[in-house]
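Participant: I would like the atomic coordinates for the input below:
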Amino acid sequence: MNSSNEVKNNITEGVIWKQILIFFFPILIGTFFQQLYNTVDAVIVGRYAGKEALSSVSGSASQFINFIVGFFTGLSAGSSVYISQFYGAKDQKRLDLALHTSYAFAIVGGIVFGAFGFFASPHILKAMNTPATLIPNSTLYLQLYFLGLVFVFVYNIGSAILRAIGDAKRPLYILMVCCFVNIVLDMLLVKVMQLGVKGVAIATLISQGISAILVTWLLVKKTPLLQLDLKRIRFETRILDNMLRLGLPSGIQSSLYNISNILIQVSLNALGVDTVAAWGATGKIDAIIWLVYSAFGIAITTFVGQNYGAHKFDRIRKGTNITLVMCMFSAVLMTAAMVLGSHQLLSIFTTDSEVTSIGTTIINLLAKGYWAFVFVEVYAAVLQAEGTVLVPTIITLCGTCLFRIVWIKWIVPNGTLTQILSCYPMTWITCGILFIIYFHWKQKRILKL
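Facilitator: Coordinates of the predicted model:
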């Protein structure tokens, strides 16, 4: 196994900045194509089915999907952390157990959460104060999406496993293929066949099914150091307990993030369809920043996880600092591009001048705090890879989620657009400061052990 590991992955041995970038770019492109699923949906329905259809896909429905998928993604984060650590430590037995347990978790989770989402969708949309004109299409979109949720979970867990062992390219290739399929189907079903929101949902469902099949095939047939056997997919209790112990705080954190975002969506829904459409469009635009952050986070998580398993703590320190600088540089460039090109970017999604004007206001407001979240993303990823999740979760919950809930419910319960959304930059800056303090204190303790 040693010789194969050296050839396939140099994360514990190679030049640090090169290894991080070699791993980062496939993840970045991959997350870009993953985001492109929903972005293409929004562009096509916004252009060919109107702003009501755009709001149906990008408003309350999008927030509910983020809540469900985000909770599972956080909950399953422990699997990729343990797989990267077992891989770095060359522990083949536990690596194999973690692989099959992770897949069992994805399949069962997809079925359970999919059923919940399907039946809860109309009730959740009403509870979110979704405009009545949007509820029928939003419900249709959500229910079709949740029918294929198991595909989403299987692809996410399969690609996370591949990335955990240093393979970021093949998940990228899968996403590229499936994104192309999604675009073709969107154009056929929405523009040609005039199926509107229903066509977008069907296209997404088919594309995600293909991605799940392909990533599973890779793990069954084409990944020598990991051999997925479909007949052996089952829970191994001890491995599952450890994964959940590490992943549950992240799942709770993600849930409360999304609950706070849902409450903000409820407040924005009260401001009308134009505001909902503008918020949905800007969400697709600022997703570019978050996918870059996410790519750096995944890259440093794998880097730290494998080096932590190999007990190479000096490489962890250097890799963290290098990643922080690269992520901050990217954040500054992207923020400037978003602010300067806000009108042009928004015009991709809508030709409505009022929606564009509101969207420009939102972008200018959010841009004030993007830089601060770099510290949250990078430091939280490093701490998680080292097995430290409780305190980072508490910091995030208090500094971000609870503050936003208090802000929306009690400080500006009937606020203007600017008042409602001011909580975003405020919470990013607060959490960034808290993470800087805690991270450096924690690293000093680790080095003393």
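Participant: what number of residues lie near the residue nearest to residue 366 when sequence neighbours are not counted?
Facilitator: Counting by Cβ to Cβ, 6 or more residues apart in numbering, residue 366 lies nearest to residue 424, which is 5.6 Å off, once chain neighbours are set aside. Glycine gets a C-beta too; all of them are placed from N, C-alpha and C. Counted by other Cβ atoms under 10 Å, the residues lying close to residue 424 total 23.
Participant: what's residue 424 in contact with, if anything?
Facilitator: 365-366, 369, 404 (Cβ atoms under 8 Å, 6 or more residues apart in numbering).
Participant: again, but for residue 128
Facilitator: By Cβ under 8 Å, 6+ apart, the contact list for residue 128 reads 60, 63-64, 262, 265-266, 269.
Participant: switch to 7 Å and redo it
Facilitator: By Cβ atoms under 7 Å, 6 or more residues apart in numbering, the contact set of residue 128 is 60, 262, 265-266, 269.
Participant: Could you let me know which of those ends up closest to residue 342?
Facilitator: Nearest to residue 342, judged by Cβ to Cβ, of the contacts of residue 128 is residue 265 at 20.9 Å.
Participant: what about the closest one, which helix or strand?
Facilitator: Taking DSSP states H and E as the definition, residue 265 sits inside helix 237-269.
Participant: roughly how far out does that helix sit from the chain middle?
Facilitator: Relative to its chain's centre, helix 237-269 lies at 12 Å (Cα atoms, centre = their mean, to the nearest Å).
Participant: Please point out which parts of it sit buried.
Facilitator: 239-240, 242-244, 246-269 (16 or more other Cβ atoms under 10 Å).
Participant: what does stretch 190-210 give?
Facilitator: Neighbour-count burial for stretch 190-210, with 16+ other Cβ under 10 Å as criterion, is recorded at 190, 195-210.
Participant: cool, and stretch 108-121?
Facilitator: For stretch 108-121, the neighbour count (16+ other Cβ under 10 Å) marks 109-110, 113-114, 117-118, 120-121 as buried.
Participant: now, among the residues you listed, which is nearest to residue 52?
Facilitator: Ranked by distance to residue 52 (Cβ to Cβ), the buried residues of stretch 108-121 are led by residue 121 at 17.7 Å.
Participant: Give me the nearest residue to that closest one, chain neighbours excluded.
Facilitator: Nearest residue to residue 121 in three dimensions, chain neighbours excluded: residue 142, at 4.0 Å (Cβ to Cβ, 6+ apart).
Participant: same thing with residue 272?
Facilitator: Ranked by Cβ to Cβ, 6+ apart and with sequence neighbours excluded, the top spatial neighbour of residue 272 is residue 131, at 7.6 Å.
Participant: How about residue 243?
Facilitator: residue 78 (3.6 Å).
Participant: And for residue 202?
Facilitator: residue 189 (5.9 Å).
Participant: got the contact list for the one you found?
Facilitator: By Cβ under 7 Å, 6+ apart, the contact set of residue 189 is 195, 199, 202-203.
Participant: can you list those in JSON lines and add secondary structure and distance to residue 318?
Facilitator: Shown next, in JSON lines, are the contacts of residue 189 (DSSP: H, G, I helix; E, B strand; the rest coil; distance: Cβ to Cβ, whole Å):
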{"residue": "195", "secondary structure": "coil", "distance to residue 318": "52"}
{"residue": "199", "secondary structure": "helix", "distance to residue 318": "49"}
{"residue": "202", "secondary structure": "helix", "distance to residue 318": "48"}
{"residue": "203", "secondary structure": "helix", "distance to residue 318": "44"}
